[in-house]
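1. model the following, please.
(2 chains)
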Amino acid sequence: AQKITQTQPGMFVQEKEAVTLDCTYDTSDPSYGLFWYKQPSSGEMIFLIYQGSYDQQNATEGRYSLNFQKARKSANLVISASQLGDSAMYFCAMREVGSGNTGKLIFGQGTTLQVKP
Amino acid sequence: EAEVAQSPRYKITEKSQAVAFWCDPISGHATLYWYRQILGQGPELLVQFQDESVVDDSQLPKDRFSAERLKGVDSTLKIQPAELGDSAMYLCASGRRAGRTDTQYFGPGTRLTVL
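-> All right, here's what the predicted structure looks like:
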């Protein structure tokens, strides 16, 4: 069973508008972390934001925020005031840290975001 | 700001040849990861090190792939012989420890093309 699902292969957003990238996950481990990475065409994976399974508040980092809905097992990334430089592939990833897990990251298929001027 | 270094950035080789990739993690990071990313997909873990020890190599094709981190610092990933299906981006990442909150920081990757 796929553990991380990103259902939007591609998204468009107008410059300066906000956009939400969807991510749902599946785990029976009560202790896990959720991450979002940005991958520009150059290939490097850039860490954006982290949310822990026990965190009570949604994570925020500058223009990035994570809409964490634990009961729905969703961890959507919200980018406010989109910029042309935000055009990239975005990956949601999960790390399980329970018994038997080594803590590796499990990635979704990614969402390509294009920001229109 | 400290970064993960990888070389080469690009590698073109013919099938059946040997290739090697090098990774230097952020100083002080105990965990090191090698991921393979096929075009259009998310990265998948090949091997994970904690210091110089292999923690997880369950997805490493051991008949042709090998990885080492002899002194617990930099690491080398080798493919011998390379096959057409090995064409992919090979990403190295490092982290302080393998806990839930640990963030993995990635290098620029090595883009391998096997002809």
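2. residue of chain B closest to chain A, please.
-> Residue nearest to chain A within chain B: residue B:42 (3.1 Å; Cβ to the nearest Cβ). Bear in mind the C-beta positions are built from the backbone N, C-alpha and C, glycine included.
3. which secondary structure state does the nearest residue to residue B:46 once chain neighbours are set aside sit in?
-> Leaving out its chain neighbours, the residue that sits closest to residue B:46 by Cβ to Cβ, 6 or more residues apart in numbering or on different chains is residue B:34, at 4.5 Å. Residue B:34 falls in the strand class when you classify it by DSSP: H, G, I helix; E, B strand; the rest coil.
4. can you count the residues close to residue B:34?
-> Neighbour count for residue B:34, taken as other Cβ atoms under 10 Å in any protein chain shown: 24.
5. can you pull up the bridge partners for it?
-> residue B:47, residue B:92 (DSSP bridges).
6. thinking again about what came up before, in contact with the residue of chain B closest to chain A, which residues?
-> Applying Cβ atoms under 8 Å, 6 or more residues apart in numbering or on different chains, we find residue B:42 in contact with A:4, A:91, A:93, A:107, A:108, A:109, A:110.
7. doesn't residue B:91 make contact with the residue nearest to residue B:46?
-> Yes - using Cβ atoms under 8 Å, residue B:34 is in contact with residue B:91, at 7.4 Å.
8. and for those two, which residues touch both?
-> By Cβ under 8 Å, 6+ apart, no residue touches both residue B:34 and residue B:91.
9. so what's residue B:23 up against?
-> B:4, B:5, B:6, B:32, B:34, B:74, B:75, B:76, B:77, B:92, B:107.
10. please list the residues of chain A that sit near chain B.
-> Residues of chain A lying close to chain B (Cβ under 8 Å from any Cβ of the partner chain) are A:4, A:31-33, A:35, A:37, A:42-47, A:50, A:52-53, A:91, A:93, A:95, A:97, A:102-105, A:107-110.
11. tell me the spacing between the residue of chain B closest to chain A and residue B:68.
-> Distance, residue B:42 to residue B:68, by Cβ to Cβ, to the nearest Å: 25 Å.
12. same list, the contacts of residue B:42, but as a markdown table with distance to residue A:66 please.
-> Shown next, in a markdown table, are the contacts of residue B:42 (distance: Cβ to Cβ, whole Å):
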| residue | distance to residue A:66 |
| --- | --- |
| A:4 | 14 |
| A:91 | 13 |
| A:93 | 12 |
| A:107 | 16 |
| A:108 | 14 |
| A:109 | 19 |
| A:110 | 17 |
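13. which non-adjacent residue is nearest the closest residue to chain B within chain A?
-> Of all residues in chain A, residue A:107 sits closest to chain B, at 3.1 Å by Cβ to the nearest Cβ. Once flanking residues are discounted, residue A:107 sits nearest to residue B:42: 3.1 Å by Cβ to Cβ, 6+ apart.
14. number of nearby residues for the residue lying closest to residue B:74 once chain neighbours are set aside?
-> Excluding the flanking residues, the one nearest residue B:74 by Cβ to Cβ, 6+ apart is residue B:24, at 4.5 Å. Residue B:24: 17 surrounding residues under other Cβ under 10 Å.
15. now do residue B:24 against residue B:105, distance only.
-> 12 Å.
16. need the residues touching each of the two.
-> Between them, residue B:24 and residue B:105 share the contacting residues residue B:4, judged by Cβ under 8 Å, 6+ apart.
17. drop anything exposed from the residues of chain A next to chain B.
-> A:4, A:31-33, A:35, A:37, A:43-45, A:47, A:50, A:52-53, A:91, A:93, A:95, A:97, A:102-105, A:107-110 (16 or more other Cβ atoms under 10 Å in any protein chain shown).
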